[in-house]
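In: only geometry, no sequence info:
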């Protein structure tokens, strides 16, 4: 009988310890802030957004680029938003992509001819632009 009473007391102590741990709130628990796969920065002026990807994210998206040739870019680099505006993502440095507005003069074959040249030496995203555009809204703070 003495062992049964000791066992009951031990079970009650363990149960009360477990239940007291359930009272912890998320504010009591420190969670390290992780850097996401994309950092989105809204800019002023003609270039509204810069997206910086981690190396892993860029590999998962299979980002492909091509150099702009004056006012000629690959047709695959064009991105249209829901309002019909035309954009390209310029890749000024590794894993950094800046969305820039463009105006298309005409399209011929696999090339788009722009009314205005992109800055000299521009490299445009030809694969993965839609995913970059989607990251602008998915990772925005609400």
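Out: Received the coordinates, thanks. All figures in this text were calculated on a predicted structure; none of them were measured in a lab. Numbers count the residues shown, from 1 in each chain.
In: Could you list everything residue 64 pairs with in the sheet?
Out: In this structure, residue 64 has beta-bridge partners residue 127, where bridges are defined by DSSP bridges.
In: where do the helices sit along this protein?
Out: Remark: helices assigned in the chain by DSSP state H are 2-21, 55-61, 129-138.
In: Any regions of the chain where pLDDT drops low?
Out: When residues are selected by pLDDT under 70, those of the chain lie in 1-35, 45-47, 137-142.
In: Could you pick out the longest strand of it?
Out: The residue-count maximum for a strand in the chain (DSSP state E) belongs to strand 86-93.
In: in that strand, what counts as buried?
Out: Using 16 or more other Cβ atoms under 10 Å as the burial criterion, the residues of strand 86-93 that qualify are 87-91. Placement of C-beta: from N, CA and C, glycine included.
In: and if you look at stretch 51-66?
Out: If you call a residue buried by 16+ other Cβ under 10 Å, then stretch 51-66 has these buried ones: 51-53, 57-58, 61, 63, 65.
In: List just the nearest of these to residue 99.
Out: Comparing the buried residues of stretch 51-66 against residue 99 with Cβ to Cβ picks out residue 51 as the nearest, at 7.6 Å.
In: Make sure the closest one is actually in contact with residue 42.
Out: No. Taking Cβ atoms under 8 Å as the contact criterion, residue 51 and residue 42 are not neighbours in contact, 10.4 Å apart.
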